[in-house]
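Novice: Sequence and predicted structure below; questions after.
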Amino acid sequence: MNVWLESGYQCSDHGPCYEVGLNDPSEHPEGKHQIEIHIPVAL
């Protein structure tokens, strides 16, 4: 993520950062979590 933010974007104060769980890790073949990370950004 730092590389992406270093390309000119900045974290914004206009909303919360949050993550969304997409699966049940006990059902994943390798026991892994799959998540989406939501970060508001500003140019």
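Specialist: Nice, thanks for sending it over.

Novice: alpha carbons only for contacts and neighbour counts from here, please
Specialist: Noted.

Novice: Please report phi then psi for the closest residue to K32 other than its chain neighbours.
Specialist: In this structure, K32 finds its nearest non-sequential neighbour in P25, 5.1 Å apart by C-alpha to C-alpha, 6 or more residues apart in numbering. Dihedral pair for P25: phi -60, psi -20, per degrees, to the nearest 10.

Novice: Against Q34, how distant is P25?
Specialist: 8 Å (C-alpha to C-alpha, to the nearest Å).

Novice: shouldn't G31 be in contact with P25?
Specialist: Yes - in this structure, G31 is within contact of P25 by C-alpha atoms under 8 Å, at 4.8 Å.

Novice: Which of these two has more residues huddled nearby?
Specialist: Legend: neighbour count by other C-alpha atoms under 10 Å for G31 and P25, higher for P25 (13 against 10).

Novice: Pull the distance from stretch 23-37 to the chain's centre.
Specialist: From the chain centre to the centre of stretch 23-37 is a distance of 14 Å (C-alpha atoms, centre = their mean, to the nearest Å).

Novice: Might you list the low-confidence residue ranges for this structure?
Specialist: Across the chain, the ranges flagged by pLDDT under 70 are 1-11, 43.

Novice: Now the phi/psi pair for the residue lying farthest from the centre of it, please.
Specialist: Distance from the C-alpha centroid of the chain, by C-alpha atoms, centre = their mean, peaks at P29 (22.1 Å). The phi/psi pair for P29 (degrees, to the nearest 10) reads phi -60, psi -30.

Novice: what's whichever strand or helix holds V20 packed up against?
Specialist: Using DSSP states H and E, V20 falls within strand 18-21. Strand 18-21 sits against strand 35-38, with contacts defined as 3 or more C-alpha pairs under 8 Å, 6 or more residues apart in numbering; DSSP states H and E.

Novice: residues making contact with the strand it packs on?
Specialist: With contacts defined as C-alpha atoms under 8 Å, 6 or more residues apart in numbering, strand 35-38 is touched by C17, Y18, E19, V20, G21, L22, N23.
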